[in-house]
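K.L.:
Got a predicted structure here, sequence first:
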Amino acid sequence: MTFDAAVLRSPGSRFAVEKVLLHTGPADDEILVRIAGCGMCRTDLAVRSSAGRSPLPAVLGHEGAGIVVETGGPRTGLDKGDHVVLSFDSCGHCRNCRNASPAHCDSFAALNLFGGRKENAARFTDAAGKALAPRWFGQSSFAEYAVVPARNAVRVDPGLPVELLGPLGCGFLTGAGAVLNSFGAGPGETLAVFGAGAVGLAAVMAATASGAVTVAVDRHPERLVLAERYGATPLPAATSGLSAHIRQLTDGGAHFALDTTASPALINDALRSLRPTGRLGLVARLHTALPIEPGSLDRGRSISHICEGDAVPGLLIPRLIALWQAGRFPFDELIRTYPLADINEAERDCEAGRVVKPVVVPQERSR
């Protein structure tokens with residue numbers, strides 16, 4: 001079948017909406033999904049700075065949601081017409097997958113970051129027949145359609161606005177999962193969030209929903225306004241004595257801190273803001289060495305990386321939807337939609353901080 005998709009051909013090029021060709025339909029463990037909306041994540045845009053490590057040309061997009069139009073058979077557990085949110089790929093049979101830790105799948109990098117499953121490498125081409133990377137995060141959802149492993153799809157109520165739900169599969173899942181799963185934050189505990197973008201604000205919302213007390217740090221005043229709206233005490237990143245100020249606000253130090261910035265200086269501030277035995281989680285990929293300043297990592301404080309919010313998507317996505325329906329996780333307020341034809345505008349607005357979470361909607365007409 002032939003359909004429109006946004007193709008990135010080189011790190012320095014713009015997205016180009018082109019006709020692409022899918023040569024074979026879904027295998028027995030896959031589904032074909034008509035994409036209703038796909039969130040734009042920083043991980044998609046990071047491909048521009050990872051030449052040689054991510055295959056181009058490619059169709060990116062890994063926060064998709066839509067409607068199943070074909071299944072590979074009963075093995076998928078899904079039916080034509082089901083509404084689904086798509087999340088990251090995992091093998092399902094390694095030790096971590098079997099232990100309900102699909103974000104730590106032994107094959108996570110190979111399946112999600114470096115071109116997908118080898119058996120699918122030849123079935124996805126441009127209109128001229130030239131190969132495209134087979135699948136990004138098991139999806140490649142900046143497109144009208146995507147063939148997806150059924151394992152990655154979470155069925156949702158068809159009465160919900162499915163075009164807005166895609167970011168629950170990655171960005172919002174990561175921030176909320178860090179709070180609800182990785183930290184297990186609860187009433188009376190304290191959290192410092194560094195970086196009030198999509199992931200950080202999802203963490204703030206989840207912390208507020210769980211009864212935790214939150215401080216949010218960012219350099220953009222408008223992001224701090226949002227963080228305060230969702231229950232956090234706002235604190236500019238340029239605040240003098242930042243970590244001491246956080247310790248004062250959290251009555252001796254935060255139980256948990258979440259860094260979404262990958263800034264070594266802020267990571268050290270985050271460590272110093274913790275109380276003894278406090279835990280810092282990192283969700284952004286580090287691009288330089290991380291020097292730990294003297295005194296930052298002592299008194300039982302710990303630091304670890306958090307991948308995909310330590311989530312089982314089939315469990316956390318319904319939980320976040322239920323919180324949203326109860327008015328306690330208003331993620332939709334962070335979203336602005338863009339037609340597929342305006343995907344370059346969505347990227348510019350994302351990079352400039354004019355929008356927290358762009359969502360590309362293939363069915364929308366260009367403005």
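P.N.:
Arrived safely.

K.L.:
can you list the weak-confidence ranges in this structure?
P.N.:
For the chain, applying pLDDT under 70 flags the ranges 50-54, 114-122, 366-367.

K.L.:
SS state for residue 65?
P.N.:
Secondary structure assignment for residue 65 (DSSP: H, G, I helix; E, B strand; the rest coil): strand.

K.L.:
OK, contacts around it?
P.N.:
Taking Cβ atoms under 8 Å, 6 or more residues apart in numbering, we find residue 65 in contact with 35-38, 83-86, 156, 162-166, 168-169. Every residue, glycine included, has its C-beta placed from N, CA and C.

K.L.:
Just the buried ones out of the residues you listed, please.
P.N.:
Buried by 16 or more other Cβ atoms under 10 Å: 35-38, 83-86, 156, 162-166, 168-169, out of these.

K.L.:
hmm, back to that, of the contacts of residue 65, closest to residue 240?
P.N.:
Closest approach to residue 240 among the contacts of residue 65 (Cβ to Cβ): residue 168, at 37.5 Å.

K.L.:
Tell me the secondary structure at the closest one.
P.N.:
helix.

K.L.:
Pretty sure it sits against residue 322.
P.N.:
No. Judged on Cβ atoms under 8 Å, residue 168 makes no contact with residue 322 at a distance of 11.4 Å.

K.L.:
How about residue 340: what's its closest non-neighbour residue?
P.N.:
Nearest non-adjacent residue to residue 340, counting by Cβ to Cβ, 6 or more residues apart in numbering: residue 362, 4.5 Å away.

K.L.:
wait, that neighbour sits on residue 4?
P.N.:
Yes. If you go by Cβ under 8 Å, residue 362 and residue 4 touch, sitting 6.9 Å apart.

K.L.:
rewinding a little: could you give the number of residues near the residue nearest to residue 340?
P.N.:
By the criterion of other Cβ atoms under 10 Å, residue 362 has 25 neighbours.

K.L.:
do the same with residue 159
P.N.:
7.

K.L.:
again with residue 348
P.N.:
By the criterion of other Cβ under 10 Å, residue 348 has 14 neighbours.

K.L.:
Helix, strand, or coil at it?
P.N.:
What three-state DSSP gives for residue 348 is helix.

K.L.:
Please, where are all the helices along the stretch 51-200 of the chain?
P.N.:
Ranges of helices in the stretch 51-200 of the chain, per DSSP state H, counting those that start in this stretch, are 95-98, 108-112, 171-177, 198-210.

K.L.:
okay, those in JSON lines with mean neighbour count and distance to residue 300 next?
P.N.:
What follows is the helices of the stretch 51-200 of the chain, written out as JSON lines (neighbours: other Cβ atoms under 10 Å; distance: least, Cβ to Cβ, whole Å):
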{"stretch": "helix 95-98", "mean neighbour count": "14", "distance to residue 300": "27"}
{"stretch": "helix 108-112", "mean neighbour count": "18", "distance to residue 300": "30"}
{"stretch": "helix 171-177", "mean neighbour count": "30", "distance to residue 300": "24"}
{"stretch": "helix 198-210", "mean neighbour count": "28", "distance to residue 300": "22"}
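
K.L.:
For those helices, give me TSV that also has distance to residue 276.
P.N.:
Listed next are the helices of the stretch 51-200 of the chain as TSV, based on distance: least, Cβ to Cβ, whole Å:
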stretch	distance to residue 276
helix 95-98	30
helix 108-112	33
helix 171-177	25
helix 198-210	21
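
K.L.:
Can you tell me which of those is nearest to residue 262?
P.N.:
Closest of the helices of the stretch 51-200 of the chain to residue 262 is helix 198-210, at 11.6 Å (criterion: Cβ to Cβ).

K.L.:
residues in contact with the closest one?
P.N.:
Residues outside helix 198-210 that contact it (Cβ under 8 Å, 6+ apart): 41, 167, 171-176, 178-180, 185-187, 191, 193-194, 196, 213-214, 216, 218, 223, 226-227, 230-232, 258, 260, 283, 320, 323, 328-331, 334, 356-357.

K.L.:
neighbours around residue 262, how many?
P.N.:
Around residue 262 there are 17 other residues, counting by other Cβ under 10 Å.

K.L.:
how near is the spatially closest residue to it that is not a sequence neighbour to residue 222?
P.N.:
Of all residues not flanking residue 262 in the chain, residue 284 sits nearest, at 3.8 Å (Cβ to Cβ, 6+ apart). Distance, residue 284 to residue 222, by Cβ to Cβ, to the nearest Å: 20 Å.
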